[in-house]
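K.L.:
I would like the atomic coordinates for the input below:
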Amino acid sequence: MIKWQEIFSKDGFHWQDAYTTSEPVVIARLDELKRFLDAVHIRFCLVKPYQEHKNYPLVEGRELLPSFDNDMFEYKDLPGFSMVAFARQLDYFSETFQFDKLHPIVMEADGACCPLENQVLARNVQTLASRLPRMHQDIFRQQFANADTVILDNYPSLMPYLLAMDRAQVLALDADRQFHLAGVFASFPSDIDSELKRFGKRIGKFIYGDSEIYERNRMFVYQYLMELYGFPIVSERRTSSALFARKLHKLGEHFMLRVLGQTDRTITTYTSTGQSTRYPLLEKIALISVDEDQEEALETLEKGGYFLDRDRRVVIIRVTYRQHRFDASNVQQDRALSVAWQEILHPLTGAPLPGLNIIKDTSNMFLRLNDIVRGEYTGRIVFKRTEIVENTDTDEKRLKFLYAWLTKHQRRMIGYSDDFFAKVSRVLNGYLYSPDNDDAFSNMRELHREVCTRFSYIQQARRVRILEDLAQRKAKVGRMGYRQMMREALDLLTDLKFEIVNFFPALVDGIVDSVERILSDAYLRRTYMEPPESRLTKAGLEIRKNYGSLVSLQDGFKAVRRARTAKGSNAS
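P.N.:
Purely as a prediction, here's the structure:
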């Protein structure tokens, strides 16, 4: 195992030991600051706790895949912090958040030292000490009595104390355009109510003054907004950090905001450099254990020296995410986030190793599914955000694991290839619908039905996604012609007609909308529907006939929707 004191010790910053560098740390650019803070935060906040806590809870790869699971444990002994860095000088009165200001030493115009240097240093030490728990104050004053606590040279030495503070750290540029520790005890504003309502109205999920629609869609909007910034609905520290990053990005700030939760054991970073992007760049860094069946990846990691702990196959992973705009017409409309790329960081140099699929490997995912249905999977999941389930040694636990597994991977399964989904379907059908399991499921019919319904939804959603592609004449290669589009759409809708016994309102709405787009295609109507039949070719006549069949099927789906809606209204 590589010792925590050596982490990123060869990253170019000339480290003398874990707390100090042999040369001054002079940083003027945000990307360089991020590289320096990566070394400090990974060393002190991830690797050091991992090596000092015998039962350190490593992050599972699936925890880094959206949608993110709710946290069920808070590890009080692990570090947590939040931090924001601005690529500008601070204007104390005009800032949009509260913090205790620290003062850099200002040099005179002739290069002489500030005459009040000792007073400034003492005031900074006093400000920092006042925000520490009482048990740390005396030793902190002794250690930093004559030190300039705001320069980056001393930032690693401050880390044990900064991690003991409540609220956030603030970094910014000084008068010489160099980064320094500019403040502590910062409170990030979190106006969740107005932000949530504005966002919900913008995406069409809320209507001003309509409480019923607000109640029906509130959790969807809340979850989507939080996931867009990398979290489930979680603690105040991470919620306020996410919303503050959203606010700063809207204001056009050049900033880096970073947060580590004691529950998720993951360093989440937002970066915005003023580029014309809709959202700030989102990254997560964590310690994970590579599965032993990923043989090719293990060989590559071993050859390059990327293991932090070889015996437990532990590596430092950095995952970068892609945010998605809300699209009400997409069957995957709840997809706010997806993995853009993933890198393994070298524990000594910090060099990233791209190209390995550690957390998103479909073969690995399929093996986990097989382990679950066989009762051979060891681990734990959160069932419906309220219950922790350990292992799969009973059928009830297997069903709960399957429900969580299907919920977690629902959006990815909707987009996976037909071959992969066929393998998944064989495993699930062989377990959920086998007559041999009827007795086992007899005492848990409701749970069994919920798992089957979740699986059925994914099956139908895959077909609706294909229908959405057909409406845009998307083919696997290029664009398809109208004749092929009409044929495939007709076959697909005919199959869906018999599956509608499992009625999912959102999917039926998607079916109706997609068919409507096909039927209202201006070129299609002008070329094949308006001319007399005598002017149409054989292919044109086939398209016109299939157009009529699509209209008939469309009416059938609308009738089912009306009947189900009326039934639901009567029940209410």
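K.L.:
for residue 79, give its distance to residue 537.
P.N.:
With distances taken as CB to CB, to the nearest Å, residue 79 is found 72 Å from residue 537. In this view, the C-beta of every residue, glycine as well, is placed from N, C-alpha and C.
K.L.:
which one of the two is surrounded by more residues?
P.N.:
More crowded of residue 79 and residue 537, by other CB atoms under 10 Å: residue 79, with 20 against 9.
K.L.:
so the more buried one: helix, strand or coil?
P.N.:
Classification of residue 79 by DSSP: H, G, I helix; E, B strand; the rest coil places it in coil.
K.L.:
where does it land on pLDDT?
P.N.:
If you check residue 79, the pLDDT there is 93.
K.L.:
one more: residue 212?
P.N.:
Residue 212 is given a pLDDT of 91.
K.L.:
thought residue 405 was touching residue 371?
P.N.:
No - using CB atoms under 8 Å, residue 405 makes no contact with residue 371, being 10.5 Å away.
K.L.:
which one's more surrounded, the two?
P.N.:
Neighbours were tallied for residue 405 and for residue 371 using other CB under 10 Å; the higher tally belongs to residue 405 (23 against 15).
K.L.:
residue 554: what's it in contact with?
P.N.:
Neighbouring residues of residue 554 by CB atoms under 8 Å, 6 or more residues apart in numbering: 512, 515, 516, 519.
K.L.:
brain fart, residue 565
P.N.:
Taking CB under 8 Å, 6+ apart, we find residue 565 in contact with residue 505.
K.L.:
now it: how far from residue 505?
P.N.:
8 Å.
K.L.:
repeat for residue 34
P.N.:
From residue 34 to residue 505 the distance is 45 Å (CB to CB).
K.L.:
among these two, which residue is more densely surrounded?
P.N.:
Just comparing residue 34 and residue 505: by other CB under 10 Å the higher neighbour count belongs to residue 34, 16 against 11.
K.L.:
wait, the more buried one sits on residue 270?
P.N.:
No - using CB under 8 Å, residue 34 is not in contact with residue 270; the gap is 10.9 Å.
K.L.:
now do the shared contacts for those two.
P.N.:
residue 256.
K.L.:
in the stretch 101-250 of the chain, which spans are strands?
P.N.:
For the stretch 101-250 of the chain, the strands defined by DSSP state E, counting those that start in this stretch cover 168-173, 179-187.
K.L.:
which of those strands sits closest to residue 105?
P.N.:
Residue 105 lies closest to strand 179-187 among those, at 9.5 Å (CB to CB).
K.L.:
quick one: strands adjacent to the closest one?
P.N.:
strand 98-101 (antiparallel), strand 168-173 (antiparallel) (DSSP bridges).
K.L.:
right, and those strands - which one's nearest residue 283?
P.N.:
Closest to residue 283 of the strands paired with strand 179-187 is strand 168-173 (CB to CB; 17.5 Å).
K.L.:
mind listing what residue 396 touches?
P.N.:
For residue 396, the contact set (CB under 8 Å, 6+ apart) comprises 444, 447.
K.L.:
try it again at 6 Å.
P.N.:
Residues counted as contacts of residue 396 (CB atoms under 6 Å, 6 or more residues apart in numbering) are residue 444.
K.L.:
residue 195 now?
P.N.:
Taking CB under 6 Å, 6+ apart as the criterion, residue 195 is in contact with residue 243.
K.L.:
model confidence for residue 498, exactly?
P.N.:
pLDDT recorded at residue 498 is 80.
K.L.:
nearest to residue 310 among the strands of the stretch 101-250 of the chain would be which one?
P.N.:
Closest among the strands of the stretch 101-250 of the chain, using CB to CB: strand 168-173, at 33.8 Å.
K.L.:
what about the closest one, average pLDDT?
P.N.:
What strand 168-173 shows for mean pLDDT is 95.
K.L.:
now do the strands in the stretch 401-550 of the chain.
P.N.:
So, for the stretch 401-550 of the chain - with DSSP E, counting those that start in this stretch - there are no strands.
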